[in-house]
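Undergrad: this one's structure only:
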């Protein structure tokens, strides 16, 4: 069991249902699964900017049947990437956002997600991409196992782009139950050769409908061996949907976690800190 400390850190007004998070230079970048915006939060002066991803007016609360369901946010070189979950046809979009100009370009992920389902023999009800990371020169798409097959999969995608020049392979992970219910990946970040992740529990086996939140756990995977190293329950109440590194040394990492309360009437998001004592050097 790892030593950990979970604490409330920041409250950001104007964001509903934060689902993906990144950190750079004392600034946070976030996406919401209900919105069409990239949010840019300046920690030092407590100010928030937002940028449209689809060149339409920013809507912080899209209707469930219309939303892109942006579940993951990734910085790669000078670009931020936001990815839809793929759980419905209208959720097969992603966006590339220039880090400096904030200009956004749409990505069509339908072919990629269709190939994932075909290759891994998943039904439409099983695909739910909740995290995307980079490892070496590859992209790692992480599927949340909250469909009928409980498919907690890591898809490693190689190639020139996500549209028509790629190949892939995948690994399946059996995550433990929490409060008697199966957990599913909800976000991840990579440090060296270790993937650190959060996984959540809802009492409904669906990639579309929300269920009652039953908690979250934290864990790690050795990417060289594709082996689950450990898991650690961190909450019985909160649904953590985003994780990013904000500080680290040889034996301790501090993460920022974003929290989705699934309540559309709450117009702010709480950011938590998770400090983990790893005891051994990060490999």
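TA: Structure received. Predicted model only: the values in this text are computed from it and were never measured.

Undergrad: Please count neighbours and contacts with C-alpha atoms only from this point.
TA: OK.

Undergrad: All the helices of this protein, residue numbers only.
TA: 110-120 (DSSP state H).

Undergrad: Quick one: find the helix or strand in it with the lowest mean pLDDT.
TA: Ranked by mean pLDDT, DSSP states H and E, the weakest helix or strand in the chain is strand 181-182, scoring a mean of 89.

Undergrad: what lines up beside it in the sheet?
TA: strand 177-178 (antiparallel) (DSSP bridges).

Undergrad: what's the offset of the partner strand from the middle of its chain?
TA: On the basis of C-alpha atoms, centre = their mean, to the nearest Å, strand 177-178 sits 19 Å off its chain's mean C-alpha point.

Undergrad: What of stretch 168-184?
TA: Counting by C-alpha atoms, centre = their mean, stretch 168-184 is centred 15 Å from the centre of its parent chain.

Undergrad: Just the endpoints, please. Distance across it?
TA: The straight-line separation of the ends of stretch 168-184 (C-alpha to C-alpha, to the nearest Å) is 21 Å.

Undergrad: And stretch 157-175, by the same measure?
TA: 22 Å.

Undergrad: So for that stretch, what gets flagged as buried?
TA: For stretch 157-175, a neighbour-count test (16 or more other C-alpha atoms under 10 Å) marks 157, 158, 162, 168, 172, 173, 175 as buried.

Undergrad: Of these, which belong to strands?
TA: In strands, defined here by DSSP state E, the members of those are 157, 158, 168, 172.

Undergrad: Looking at those residues, which two lie furthest apart in space?
TA: 158 and 172 (17.8 Å; C-alpha to C-alpha).

Undergrad: what's the nearest residue to residue 5 if we skip its chain neighbours?
TA: Distances taken as C-alpha to C-alpha, 6 or more residues apart in numbering put residue 275 closest to residue 5, at 5.1 Å, once the chain neighbours are dropped.

Undergrad: what about the one you found, how many residues close to it?
TA: 20 (other C-alpha atoms under 10 Å).

Undergrad: what's the closest non-adjacent residue to residue 123?
TA: residue 117 (6.4 Å).

Undergrad: show me the contacts for the one you found.
TA: Contacts for residue 117 (C-alpha atoms under 8 Å, 6 or more residues apart in numbering) come out as 123, 124, 127.

Undergrad: Kindly recompute the last result at 10 Å.
TA: 123, 124, 125, 126, 127 (C-alpha atoms under 10 Å, 6 or more residues apart in numbering).

Undergrad: so what's the residue nearest to residue 5 up against?
TA: By C-alpha under 10 Å, 6+ apart, the neighbours of residue 275 are 3-7, 245-248, 252-256.

Undergrad: ditto for residue 199
TA: The neighbourhood of residue 199, defined by C-alpha under 10 Å, 6+ apart, consists of 130, 144-145, 152, 175-176, 178, 182-188, 215-219, 231-234, 239-242.

Undergrad: Among the contacts of residue 275, which one is most surrounded by other residues?
TA: Neighbour counts for the contacts of residue 275, by other C-alpha under 10 Å, peak at residue 256, which reaches 24 neighbours.

Undergrad: Who is the nearest residue to that residue once chain neighbours are set aside paired with across the strands?
TA: Counting by C-alpha to C-alpha, 6+ apart, residue 256 lies nearest to residue 273, which is 4.7 Å off, once chain neighbours are set aside. When bridges are called by DSSP bridges, residue 273 pairs up with residue 7, residue 256.

Undergrad: Next: residue 3.
TA: Residues in beta-bridge contact with residue 3 (DSSP bridges): residue 277.

Undergrad: cool, and the one 10 residues further on?
TA: According to DSSP bridges, residue 268 are recorded as the beta-bridge partners of residue 13.

Undergrad: Please verify my assumption that it contacts residue 271.
TA: No - Residue 13 is beyond contact range of residue 271, at 11.1 Å (criterion: C-alpha atoms under 10 Å).

Undergrad: Looking at these two, which is more packed in?
TA: Shown here are residue 13 and residue 271; by other C-alpha under 10 Å, residue 271 has more neighbours (23 against 14).

Undergrad: ok, the closest residue to residue 78 other than its chain neighbours - how many residues close by?
TA: Nearest non-adjacent residue to residue 78, counting by C-alpha to C-alpha, 6+ apart: residue 99, 5.3 Å away. Other residues near residue 99 come to 15 when the count uses other C-alpha under 10 Å.
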